[in-house]
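J.: Return atomic coordinates for the entry below.
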Amino acid sequence: MNRKPRAGLLPLYLKLYDECLPDARKGFEEFIPKVEQALASRGVDVVSAGICCIAAEFDHAVQNFEREDVDIIVTIHLAYSVSLESIGALTRTKLPIVILDTTMDFDFGLEVAPDRIMYNHGIHGVMDMASMLRRREKPFEIVAGHISESDAVPRAAEIVKAAYAARRLGQTRALRIGESFKGMGDFAVDEKVLRDVLGIEVSQSGPADLAQWVEKVTQDEVDEELAADRERFDCRAPDDVHRRSIRLGLGLRRMLEDGGYDAFSVNFLAFDQPDDTVPFLEISKAMSRGIGYGGEGDVLTASLVGALARAFGDTTFTEIFCPDWKGDSIFLSHMGEINPGIAAEKPRIVEKPFDFTPARNPAAITCAPRPGPAVFVNLTPGPDNTFSLIVAPVEILPDSTNEEMKDVVRGWMRPSCTVEDFLELYSLCGGTHHSALLLGDKTEAIRAFAGFAQLECSII
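T.: From the prediction side, this is the model:
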């Protein structure tokens, strides 16, 4: 399912108006394409149903959405539409719903002409339908605002992406290279539970399997990738270190592509032979292509990172390392894995000292994320094979002023509460030590993602 998020646009209208005011619907001819274009400009593919008034039309529209494999239905009330015509189709489908509560006119004040009522009164149809959806226990999202003079359409588009991300999570094929890090319990989940509860399919492999793919990599391919790296990155690793990491990485890339994997995890301790190298360089590049990653065998967080990355972009695997009590911020890092697509400045490729096994030093990408709003997201296992999502709106701070830090994967985030409160609440919610960081103010969308994925959600 390597495509854009896809929405089914469902315009609602009243049959009585067609009978008594047959020319009225012509007034909406330019409005519906405007909605379609507004969603498309935000990275959403739109399948439009055309105007629906009666139950048979709604049934046909929803059935077509299902055939077209949309991720969510976006409803838009052109005028009043009686809910009992649409409610059957909307509650029978498994597709989620977001109500786009909007109108043509921005100004409906004291000087408005009465003929504009016809084209701006869909809100009580929204109320009728929303009330019935709640009574029928059909979950839905809603965003309200003018079509162009508010953030309603951008918010709706983000919720479409959230529905897409939930589907991606439930269809993840994940690869683990090496066994999970011995003794790490927080992300450890039986593979059958991952499959049965979340839909994540896990395959197990090892460095020897990867080596078979590495053997197929040609010198020309290494040269081509090296040239590309020199364009994209500030390359400071010695040539031999860089080349062997590229060769290993290209083998890993083919392994992931051939298996159709959406996410993967690597335990660095599995690379324990003198000729081995940990594939940190390709791990970071893979995240920039939307492949999920989690460290130390953590396919759970890898699957989360992949689902969010494919839907929203600008996502990386990360880990809370150190509290900055004085500065009221938290230092994020990991050994050698970060998505270079989120970098504030041109990322470096450096030689990474590696003292944990006899393996040779790898090349790794280092950078810091762009400053600004972001969301820190954790998928945590709970009692009785349950899972929940912890969502924290944060501010990414400017990069380090210490030049020695430039060769380290790094970032500082400031939560919306004090560091002390954040750390206490995070652990009380059961948060694991591996997480995803998504750039942008997307808390509402990630909350919706949790709902679509049927995950309990805690916002810190």
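
J.: mind checking the longest helix of this structure?
T.: What stands out as the longest helix in the chain, according to DSSP state H, is helix 239-259.

J.: neighbouring contacts of it?
T.: Here helix 239-259 makes contact (C-beta atoms under 8 Å, 6 or more residues apart in numbering) with 173, 175, 203, 205, 209-211, 213-217, 221-222, 225-226, 229, 235, 237, 264, 277, 279-283, 285-286, 291, 349, 351, 360-364. For the C-beta atoms, the positions are set from N, CA and C on the backbone; glycine is no exception.

J.: Quick one: buried ones out of these?
T.: The neighbour-count test (16 or more other C-beta atoms under 10 Å) applied to the contacts of helix 239-259 identifies 173, 175, 205, 210, 213-214, 217, 222, 225, 229, 235, 237, 264, 277, 279-283, 285-286, 291, 349, 351, 360-364 as buried.

J.: Show me what secondary structure element comes after the longest helix of the chain.
T.: Sequence order places strand 263-266 as the next helix or strand after helix 239-259, per DSSP states H and E.

J.: if you average pLDDT over the helix or strand following that next one, what comes out?
T.: On the C-terminal side of strand 263-266, the nearest following helix or strand under DSSP H and E is helix 280-288. Across helix 280-288, pLDDT averages out at 98.

J.: what's the angle between helix 280-288 and helix 239-259?
T.: Helix 280-288 runs at 40 degrees relative to helix 239-259, counting by axes from the mean of the first three to the mean of the last three C-alpha atoms, to 10 degrees.

J.: Using CSV, write down the CA coordinates of stretch 391-398.
T.: Only the C-alpha atoms of stretch 391-398 are listed here, as CSV (Å, rounded to 0.1, in the frame of the first residue of the first chain):
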residue,chain,number,x,y,z
VAL,A,391,1.3,11.4,22.8
ALA,A,392,3.3,14.5,24.0
PRO,A,393,3.3,17.8,22.1
VAL,A,394,6.8,19.2,22.5
GLU,A,395,9.0,22.0,21.2
ILE,A,396,12.3,21.0,19.5
LEU,A,397,15.0,23.4,20.6
PRO,A,398,17.9,24.8,18.5
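
J.: Give me the pLDDT for Arg25.
T.: Looking at Arg25, its pLDDT stands at 89.

J.: Go through the contacts of helix 239-259 and flag which are in strands.
T.: Secondary structure assignment by DSSP state E places Arg173, Leu175, Ser203, Ser205, Cys235, Phe264, Ile349, Glu351, Ala363, Ala364 of these in strands.

J.: Looking at these, spot the one nearest Ile72.
T.: Distance ranking of the ones in strands among the contacts of helix 239-259 against Ile72, using C-beta to C-beta, places Arg173 first at 22.7 Å.

J.: In contact with that closest one: list those residues for me.
T.: Contacts of Arg173 (C-beta under 8 Å, 6+ apart): Glu201, Ser203, Gly259, Gly260, Tyr261, Asp262, Ala263.

J.: Show me the residue at the heart of this protein, geometrically.
T.: Leu308 (1.6 Å; C-alpha atoms, centre = their mean).

J.: Now the nearest residue to it once chain neighbours are set aside, what are its backbone angles?
T.: Leaving aside its chain neighbours, Leu308 sits nearest to Thr315 (4.6 Å; criterion: C-beta to C-beta, 6 or more residues apart in numbering). Note on Thr315: its backbone torsions stand at phi -130, psi 140 [degrees, to the nearest 10].

J.: next one: the one 10 residues further on
T.: Here is the backbone geometry of Trp325 (degrees, to the nearest 10): phi -60, psi -40.

J.: just the one 5 residues further on next, same as before
T.: The main-chain torsion angles of Ile330 are listed as degrees, to the nearest 10 and equal phi -130, psi 130.

J.: Asp421 is in contact with that one, correct?
T.: No - counting by C-beta atoms under 8 Å, Asp421 is not a contact partner of Ile330; they are 12.0 Å apart.

J.: thinking again about what came up before, list only buried entries from the contacts of Arg173.
T.: Glu201, Tyr261, Asp262, Ala263.

J.: Among those, pick out the one closest to Arg6, please.
T.: Using C-beta to C-beta, Asp262 comes nearest to Arg6 of those, at 17.4 Å.

J.: number of nearby residues for Ile396?
T.: Neighbours of Ile396 under the rule other C-beta atoms under 10 Å: 23.

J.: next one: Pro369
T.: 25.

J.: wait, it sits on Gly341?
T.: No - in terms of C-beta under 8 Å, Pro369 does not count as a neighbour of Gly341; the distance is 9.8 Å.

J.: secondary structure class for Glu391?
T.: Not Glu; residue 391 is Val. Using DSSP: H, G, I helix; E, B strand; the rest coil, the structure places Val391 in strand.

J.: Next: the one 4 residues further on.
T.: Three states are possible here, and by three-state DSSP the one that applies to Glu395 is strand.

J.: what sits against it?
T.: Pro371, Gly372, Pro373, Ala374, Met413, Arg414, Ser416.

J.: rewinding a little: for Ile330 and Asp421, indicate the residue with more neighbours.
T.: Between Ile330 and Asp421, counted using other C-beta under 10 Å, the more crowded position is Ile330 (24 against 12).

J.: tell me the contacts of the more buried one?
T.: Ile330 neighbours (C-beta under 8 Å, 6+ apart): Ile320, Cys322, Pro323, Asp324, Trp412, Met413, Arg414, Pro415, Val419, Phe422, Leu423.

J.: Please pick the buried ones from the residues you listed.
T.: By 16+ other C-beta under 10 Å, the contacts of Ile330 give Ile320, Trp412, Met413, Arg414, Pro415, Val419, Phe422, Leu423 as buried.

J.: Just the buried residues of the strand or helix carrying Leu438, please?
T.: Assigned by DSSP H and E, Leu438 falls within strand 435-439. Across strand 435-439, burial judged by 16+ other C-beta under 10 Å covers Ser435, Ala436, Leu437, Leu438, Leu439.
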